[in-house]
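Novice: Need coordinates for the below:
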Amino acid sequence: MANRPADNQAGAVVTRLTGADLIAGLPGLAETGVDLDVRDARAVPSANLTVADIVGLVADASAAISAGADGVVVTQGTDTVEETAFLADLIWPHQEPIVFTGAMRNPTLAGPDGPANVLAAIQAAASVDARDLGAVLVFSDQIHAARWIRKTHATSTATFASPNAGPIGLVVEGRVRILTRPLRFQPLAIGATDARVGLYTATLDDDTGLLRTLAADCQGLVIAGYGVGHVPSAMAPVLEEIAASMPVVLVSRTGAGPVLHHTYGAVGSETDLQRRGLINGGLLDAYKARILLKMLLGNGAGHAVIAAEFARRG
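Specialist: Numbering: from 1, shown residues only. So this is what the prediction gives:
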């Protein structure tokens, strides 16, 4: 959305546009009557963002709310927004909304979607109906809860979906319509942001060598298992060994649906892995589970607290 062609790369785009550029001449903005305070933060590709960056962004946004803002809009690249929005949701303390948005088509392409997304995000952030939702993503006139949003396609403007819940609201003719209100949790305390949490996906004919190598350099681990939370039987004792020394969270690699608790009982099943000490990640996808585990470890949480938080939030 904030890209322009690079001077020395034919056809390629780089980050160039400022926040003021994004709203300059935005159709429909004047009709909203919203007063905007536009600020630039990190003008980098979203792939370069860090947890510390987002913690800092949330602090700045929180200060704006405390100074009287009715809501906050954050524009960023879509590569990592499902993770950054979820992180913001975990630590956002206000009733006022923090709204993430972006674009799939940059301004050099026909039919860029950025302007419409920015306008809808502004309308959502200014609406009293959008209060007490935490962090949300507004895209293609849909409002999604940060905890459920997934990027499901590499190029489509309809990429964002919430497979487990659907959108929680819509922006229709400039009006915010909230269809359902997800339960909000107490914001997490902000501790260290440098806890090393690995993400490992179970795959066919895995010999567990890479798993051992990864775990040796981690403080916590997320395992994306098959289906409802299964791994090859040969992996089960290795995971039990790892889970004895660090928290290991089990999620589904499918990206939708829950990890079960006690339906299957074979070696490597969800029942077996939980008996071996793995923590059930519930409905959280692998990327969000990693963010939650990273934040909990940064707070110094032990196994019992981590398991309880995943039981509540997953």
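Novice: all contacts plus neighbour counts: C-alpha atoms, from now on.
Specialist: Fine.
Novice: Distance-wise, check T180 relative to D129.
Specialist: 11 Å (Cα to Cα, to the nearest Å).
Novice: out of these two, which sits in the busier spot?
Specialist: D129 (15 against 12; other Cα atoms under 10 Å).
Novice: isn't the more buried one right next to L179, touching?
Specialist: No. D129 lies out of contact with L179 (Cα atoms under 8 Å); the separation is 10.4 Å.
Novice: remind me which residues of the stretch 151-300 of the chain are low pLDDT?
Specialist: Regions of the stretch 151-300 of the chain meeting the criterion pLDDT under 70 are absent.
Novice: And the closest residue to Q219 other than its chain neighbours, its phi and psi?
Specialist: The spatially closest residue to Q219, leaving aside those adjacent along the chain, is R196, at 5.4 Å (Cα to Cα, 6 or more residues apart in numbering). Main-chain dihedrals, R196, degrees, to the nearest 10: phi -90, psi 110.
Novice: ok, now which ones touch R196?
Specialist: Residues in contact with R196 (Cα atoms under 8 Å, 6 or more residues apart in numbering) are 217-220, 294.
Novice: and of those, the nearest to G209?
Specialist: The shortest approach to G209 among those belongs to D217, at 13.5 Å (Cα to Cα).
Novice: OK, contacts around L204?
Specialist: P232.
Novice: Now it: which helix or strand?
Specialist: Under the criterion DSSP states H and E, no helix or strand holds L204.
Novice: ok, now how distant is it from H230?
Specialist: Distance, L204 to H230, using Cα to Cα: 12 Å.
Novice: now swap in L283 and tell me
Specialist: Distance, L283 to H230, by Cα to Cα: 15 Å.
Novice: So for those two, which residue has more residues nearby?
Specialist: Between L283 and H230, counting by other Cα under 10 Å, H230 is the more crowded of the two (28 against 23).
Novice: got the phi/psi numbers for the nearest residue to the more buried one once chain neighbours are set aside?
Specialist: Distance criterion Cα to Cα, 6+ apart; nearest residue to H230, sequence neighbours excluded, is S269 at 4.6 Å. Note on S269: its backbone torsions stand at phi -80, psi 170 [degrees, to the nearest 10].
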